[in-house]
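Trainee: any chance you could fold what I've pasted below:
(2 chains)
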Amino acid sequence: MSTLVDLVWLIPAFPLAGVLILMALGRRLGEPRAGWLAIAMMGGSFVATLLVFIGLIGHEGDERETVVTLFEWVPAGKLAVDIGLLADPLSITMALFVTGVGALIHLYSIGYMHDDEGFSKFFIYLNLFAFSMLMLVLGDNLLLTFLGWEGVGACSYLLISFWFTDEANASAGKKAFVTNRVGDWGFLVAMFLAFLTFGSLQYGEIFFEVESHGVAAGTASAIVVLLLVGAAGKSAQFPLHIWLPDAMAGPTPVSALIHAATMVTAGVYLLTRMSPVIAEAHGWVPDLIMWVGLGTALMAATIAVAQNDIKKVLAYSTVSQLGFMFVAVGSGAYVAAIFHMVTHAFFKALLFLGAGSVIHGMDGDQDIRRYGGLVRLLPITSMTFVAGWLAIAGVPPFSGFWSKDEILAYAYGENKVLWLLLLATAILTAFYMTRLVLMTFFGPPRWVEAETQVEAEAGEEAVDTAESAVETGPPHRHPHESPWTMTVPLVLLAGLAMVAGVINLPFASDVHFLGNWLKPSLFGNDGHLPFGGGTQWVLALVAIVGSLGGVSAGAAVYIRRRIDPARIEHPFLARAWRIDETVTDFMGGPGRRAFERTTQFDEQVVDGAVNGTGTLIRRAGAWLRVSQSGLVRSYALGIALGAVALLAWFISRAGF
Amino acid sequence: MGGSTVLPVIIFLPLVGAAAIALIAPSRATVLKPVAVATSAATGALTLWLMGAFDKNDGDFQFIQLTEWIGSAGISWHVGVDGISLFLVVLTGLLFPIAIVACDPPHDAKAYYIWMLVLETGCLGVFLALDLVLFFLFFEVVLIPMYFLIGKWGHENRKYAATKFFLFTMLGSALMLVGMLTLALLTARETGGAVTFNLIELANSAGELPTITARWIFLSFVLAFAVKVPLFPVHTWLPDAHTEAPTAGSVILAGVLLKLGTYGLVRFGLYLFPEASQYFAPLLFTLGVIGILYGAVVATMQRDLKRLVAYSSVAHLGFIVLGIFSINTEGIEGGLLQMVNHGLSTGALFLLVGFIYERRHTRQISEMIGLQKAAPVLAAVFTVVMLSSVGLPGLNGFVGEFLILTGAFVAHRWWAVVAAAGVILAALYLLWAYQRVFHGTPDDANRSMPDLNWQEKLVMVPLVGLIVFLGVYPKPVIERMEPAVNALIEHMEEVEGIESPTVGDRPEGSFEELRKLKADYGDEGEGH
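Mentor: Presented below is the predicted three-dimensional model:
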């Protein structure tokens, strides 16, 4: 059995092979074969992960880490970093959902990217992303994790600006990369400090050092805070969250895979991985993680309430849900964080793919104010979307309920105010998701009005193209269900979003499967609830009431119109608390001016001094005009002669 | 007389080629390029052979040739290669054929190829010379062909740029010459021996000079090299020279010539003046950090694409100086590695900008848009090179940058923390430039720009190949550098009692032992 775990290198090898093959043959394979090859590679990777998973189960609980070192990467001086893969419960859990959800999204992309001229390029990027993400989670040292970390960032950049002819997409890609780089600065400095402190970047060695020699609380705090900066960048936490809503400019499968299910959870993974170091830090460090998470969760939830772009709602919802995971990490509930990460991967990928299916059916329109009544026209999309909605809203027995409830319970144990605010966020979540579902799938079809307008404008032209319009839409709008390549992933994900709660049930310790499974990776740093089952039941009941309350409030506003939605969708919220604007204004204003001033300083002062000296010499030397031919050759000759004279002088001095 | 003859062959082969080209009749102009390509390619092949034959476990100079030259003055023909110079020699051997193949001069082809090959001899000589006077000669020889390459085949403002380049560098090196002479004479006086310019002998008696004297001489060297690197505030010749030079000139200028400065700082700064290097390290560190941030900020605001790439060199070379003056294995190796990396990625960037210029006849960013639509292959290659320059892990630039910053952090932590912010700015200026040039919808002027032709693709293959290879597997390079770098640090520690800032040994731990430890504690309850 143990040999199965040694196959861990196959997990990233498959997508890497996909990248190489597609780079060589992608264009020749064309659509759809290039896509199928990419899916086959993801499938292979998923199967390899399953084999490693089975292999790990065969090991004793205490021996569930296997490091497979492939080769030396950066051996310089005292620094020795290998390309080594770590297969342990945490990394394989991550790899399972990355490859599993990844394969489904690859499949979906075949339908979604149909007829795109960059079809094969898209799958190169997707496979490259999967490879990077797997290196991130499987790397056995911080530097290799950083390789994956920046690799996914680069793929994210390439995929957000995939349709690069549109300036907005190009800007969004750049913004994502640069903002992430701010976080990466923290990650980099954290690595320097870790290397200086522990003499190694390898997880096993760092944890060994922490355990055997200990580490000063100040140092551990600094490392964790710096890693938190990196994690906040990648996982879109305040104030580095501003790139994620813009990242929605990318094709929707990208939003689902990278900006919802996998990449953005990397920050949570990193902090979970480093739990032994967090345990050594000052007490305020986990508190900081917790409050950053809470602040982000609450803020993003309020913003989501007022967004009208279907993908923007989901984007802010992702930011908010990642905040939940940070709260979990900060309160020591690492298992709850990973649990929510897994369930979130299912339901958020589902919601994004559903949104993509709707957008596909609505010919690219993303404004929910022009949706409505789509339930009859897009039955599969609607039903699966409803499953995702109930999951994220926290309605039992859907998966999101179980994971969110666990985080809420830990938050309660940590701090009552924290719990209350987090509960408010959960209620808001139920509310804005209800709004989204109601405005999209139910109520009167508002796209009909838009259609008649367009029809009136288009006039005769519409009649001419009527035949093709049946297929593609404009100017007639015919919302239609998506092809099977897109609906099959939806159905599978909907199933997972419904039942994934069973992987970690709270009723007894032996059904707390995920918790037991992850135990070896957390080195006893996982928190324990300071209260019994009774309190837990009460808290769960409160959470359920809260969720249902949020849903009914949504229904009250958006079906019954008890309150004018305009009063809730405040402009301040619609404009995302003006954080992004403020940053943009600063960068475009004082920031840009400072850059321009520096450049002027370079041109006028630094270089000005050089040219000024030249002019001065030229004027002062005007009387020497005879010798000043202006030819550099003669200057050179002068200098050379001078040098020779100096040389001669020195030699003569040396001679005595 | 004695030793291996391979190094003189490597140094003078290009010169022989230049002589051969000079003899070619004007009527046979078509053979000019083949001869130049063949000569530089043969030289490149020899440098590759040298790399293969190099003993990677030996930290001393290898393939030494030592012959008395001007005996009475202590000047000798003394060449040799070690892990510090080896890859700069290989880089030179590689970049010259690429630059010659990639770009054809619009006029006066004969003179152009002659100057290119003379330039190659000069560069190789600088990296291989182990005698101060010999080094100085080659160092100056480099100037003349470069001056003509910029002045004759450059762009609109070439005369100004060439003159500026020449005067700047000449000013620095004149001071260095005085420094060299003083060093040799004073050392001879202190040791009571004969005057010698032999680098190794001078280095071995480096501790003999009075501290203050050594510091002054060190500064005269540093000034010459600082101009060459270039370090803030003596960098302003660089954007003009790089921008006005013909493409091949820019490639060599950025790829090889700037390394003369950083190489000089290692070979003549650290090696000859251990104490002064340590003493002035904070100053050079500061200038390096300023270069990183300042170069990046100014690069961001450039309107000329080539000038932008030129300013990016100021930032990258700032990193290299930072690594060198960390005075520890990680930092110096990072610096050396980054010299090679910068040569590859910035050389490639200048080639690509040159390809665009040939097509669009402009370097203005504002006049280009949507080129990715018109030239997807060019755009793809540009993306890879750009990501390498930005320091993306998995590509070459990252390994060097990371080692530099690690070494710098160990030596002077706060400087490294600030310098690391340079990675944010690097992403900003390159990605923004890429967005403006390649993204967007192309207008009429840009829509029909042709993509790379087979010759251009061909020259990019080795560059992109090495960019990826050195990012994934830099070990063959690092392990050949390490003995020489360690020898240098040991030398510095021996001569002047310098203590190289370093970290503790790698812990002997693993998950298994951690478990055992945990289990032991577990018997006694929680924690430890």
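
Trainee: measure how buried residue 305 is and give me the count.
Mentor: Going with chain A. Neighbours of A:Val305 under the rule other C-beta atoms under 10 Å in any protein chain shown: 21. Any C-beta I mention is one placed from the backbone N, CA and C, and that applies to glycine too.

Trainee: switch to chain B, that's the one I care about
Mentor: 24.

Trainee: my guess is it meets B:Trp432, correct?
Mentor: No - between B:Leu305 and B:Trp432 there is no contact under C-beta atoms under 8 Å: 11.5 Å.

Trainee: which is the next helix or strand following the host helix or strand of A:Leu314?
Mentor: Assigned by DSSP states H and E, A:Leu314 belongs to helix A:310-330. Using DSSP H and E, the helix or strand that follows helix A:310-330 in sequence is helix A:334-361.

Trainee: elements contacting that following helix?
Mentor: helix A:89-112, helix A:252-256, helix A:266-273, helix A:310-330, helix A:379-393, helix A:399-414, helix A:484-499, helix A:513-522 (3 or more C-beta pairs under 8 Å, 6 or more residues apart in numbering or on different chains; DSSP states H and E).

Trainee: okay, angle between that helix and helix A:266-273 too, please.
Mentor: Angle, helix A:334-361 to helix A:266-273, by axes from the mean of the first three to the mean of the last three C-alpha atoms, to 10 degrees: 170 degrees.

Trainee: tell me the angle helix A:334-361 makes with helix A:379-393.
Mentor: Using the same axes, to 10 degrees: helix A:334-361 against helix A:379-393 is 150 degrees.

Trainee: tell me the gap between helix A:334-361 and the middle of its chain.
Mentor: Relative to the centre of its chain, helix A:334-361 is centred 12 Å away, using C-alpha atoms, centre = their mean, to the nearest Å.

Trainee: find the centremost residue of chain B, please.
Mentor: Centroid check for chain B by C-alpha atoms, centre = their mean gives B:Lys259 as the closest residue, at 3.0 Å.

Trainee: list the contacts of it.
Mentor: For B:Lys259, the contact set (C-beta atoms under 8 Å, 6 or more residues apart in numbering or on different chains) comprises B:88, B:91, B:339, B:342-343.

Trainee: which parts of chain A belong to which domain?
Mentor: Structural domains annotated on chain A: A:283-459+A:480-574, A:577-620, A:631-656, as defined by automatic domain parsing.

Trainee: if you average the pLDDT over the first one, what comes out?
Mentor: Model confidence over domain A:283-459+A:480-574, given as mean pLDDT, is 88.

Trainee: buried set for stretch A:21-29?
Mentor: Residues of stretch A:21-29 classed as buried: A:21-22, A:26, A:29 (neighbour count, 16 or more other C-beta atoms under 10 Å in any protein chain shown).

Trainee: save those residues as CSV, and put in secondary structure too.
Mentor: Shown next, in CSV, are the buried residues of stretch A:21-29 (DSSP: H, G, I helix; E, B strand; the rest coil):
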residue, secondary structure
A:Ile21, helix
A:Leu22, helix
A:Gly26, helix
A:Leu29, helix
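
Trainee: one step back: most tightly surrounded among the domains of chain A?
Mentor: Most buried of the domains of chain A, by mean neighbour count (mean count of other C-beta atoms under 10 Å in any protein chain shown): domain A:283-459+A:480-574, with a mean of 21.

Trainee: for chain B, what's its nearest residue on the stretch 251-400 of chain A.
Mentor: Nearest residue of the stretch 251-400 of chain A to chain B, counting by C-beta to the nearest C-beta: A:Pro276, 8.8 Å away.
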